Each structure stands twice: as structure tokens, then as C-alpha cells.
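K.L.:
Give me a 3D structure for the following:
(one chain, ligands or ions: 1)
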Amino acid sequence: MKILGLVGSPRRGGNTDLLISAVLYGAGAGNNDIDKAYLYDADIMPCVDCRGCKKENFQCTLKDDMKQLYPKLEEADVIVFGTPLYWYGSTGKMKLFIDRLRPYVASGKLKGKKAVIVVPAEEGAEACNCLVQMFELSFKYLGMEFVGKILAKAGEKAEVKGHPEVLDEAFNLGKELK
Ligand SMILES: Cc1cc2nc3c(=O)[nH]c(=O)nc-3n(C[C@H](O)[C@H](O)[C@H](O)COP(=O)(O)O)c2cc1C
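P.N.:
Numbering: from 1, shown residues only. The predicted structure follows:
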């Protein structure tokens, strides 16, 4: 099985990154094929609602680094969406990325794939309700199966290192992915 982790935080080695690594290590322990992509390294333009992706071969017309990310998504069996909570939503970069999933509404190429979310937040899980719902509804719209979430209370960079229980929870979620 192929598992792709998407880091939607600007902080390499931060909480989102560490939690995604824990999920991927867990999944890797089960002999799965794991991969990670840092969204802040990618040039992702905003969707301009040109409707080009509704035509013929359902391709996005924008020319940017989504060209490399689309095949990764299509090859993955499980996609881990990681973003810190920013103003009760995702980071801007993760939102740009999600908007660019529009071609999959028409092509249905993400249908049946599993989705996991990873969200650290200074205020903790309660503050993540709107963001969790956004992901839940979006996965449903894309025909994806929402199979797990890690909501961690953490604010400082790499603070989750001091919370082995949440890293274990992330590792175990990865291990359970089938
Ligand atoms: C612009 C910005 C907005 C934020 N908004 C929230 C928020 O609404 N609620 C919250 O609990 N934490 C908020 N935070 C804190 C981050 O979610 C928290 O520091 C998180 O652990 C960062 O994860 P990272 O290390 O993966 O980047 C915000 C941080 C930034 C920089």
C-alpha cells in the first residue's frame, strides 16, 4: 500500500511534520510504501475556476508544481493531510492545495482512497471542529474515506516531542492503516 503524507506547515521539523512522520513510521512498520511532500516547497497557484478541469481529460490548466503532486495523489492509497490550525482553519498553503483538488470532482480519481488528518493547535482539539468538518465534507465530496485524525495540543516548534502519547497515537494510527 502507498501512503502519502502532505505537510501543510511552513515549519520543517515542527509539530505537523513530526506527527506526520510518526504516522508514516507506523505505516512503514507494516511494510507499506511511504512518501512525504512539503507543500511550502511547492509553487501552488490559486484555483481560478476556469472549469477547464471539467472538460475532456479533467486536467487542471494551471502550470505549476501541482504537476508533480497530482501523480503522487493518484498513486497513493492513503493520503495524510497535515496542517497546523491557523485561525480555526488550515494554513493558506493547504487551502490552495485543497482548492486544486477540483479536477478529481469530475474525474473521480480519488474515489475510494483513504484520508487521515493531522492537526496540531495551541488551543487543542476543541478548537479544530470547523477545520475537521471542512476536511470531512471535502473527503465526502471527493468520495474518499475519512479513516482517522490526530488532533494535538501543541504550540511551540516541535512541542509534540514532549508529548510521547500523541506521537504513539500517530504511530499506532499509521500501523493500523490497511
Ligand atoms: C498565523 C497563525 C495562526 C494560528 N491560529 C491558531 C488558532 O486559531 N488556534 C490555535 O489553537 N492555534 C493557532 N496557531 C498556533 C499553531 O496552530 C501551533 O503553533 C501549531 O503547533 C503549529 O504547528 P507546526 O509546528 O506544525 O507549524 C496559529 C499559528 C499561526 C502562525
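K.L.:
in the protein, which residue is closest to the centre?
P.N.:
With distances taken as Cα atoms, centre = their mean, Phe81 lies nearest the centre of the chain, 1.2 Å away.
K.L.:
So for the nearest residue to that one once chain neighbours are set aside, what's the pLDDT?
P.N.:
Nearest residue to Phe81 in three dimensions, chain neighbours excluded: Ile117, at 5.1 Å (Cβ to Cβ, 6 or more residues apart in numbering). C-betas here are computed from N, CA, C, even on glycine. According to the prediction, Ile117 has pLDDT 98.
K.L.:
How about whichever residue of the chain sits closest to the ligand: what's its closest non-neighbour residue?
P.N.:
Nearest residue of the chain to the ligand: Gly14, at 2.6 Å (Cβ to the nearest ligand atom). Nearest non-adjacent residue to Gly14, counting by Cβ to Cβ, 6+ apart: Lys157, 5.1 Å away.
K.L.:
ok so, going back, was I right about the residue nearest to the centre of the chain contacting Met94?
P.N.:
Yes. Between Phe81 and Met94 a contact is recorded at 7.1 Å, counting by Cβ atoms under 8 Å.
K.L.:
Can you work out which residues contact both of these two?
P.N.:
Shared contacts of Phe81 and Met94 (Cβ atoms under 8 Å, 6 or more residues apart in numbering): Leu6, Gly8.
K.L.:
anything in stretch 113-121 sitting right up against the ligand?
P.N.:
Yes. Using Cβ under 6 Å from any ligand atom, we find that stretch 113-121 touches the ligand at Pro120, Ala121.
K.L.:
contact partners of that stretch?
P.N.:
Here stretch 113-121 makes contact (Cβ under 8 Å, 6+ apart) with 14-16, 19-20, 23, 76-85, 127-128, 131-132, 135, 139, 144-155, 159-160, 170, 173, 177.
K.L.:
Sweet, I'm off.
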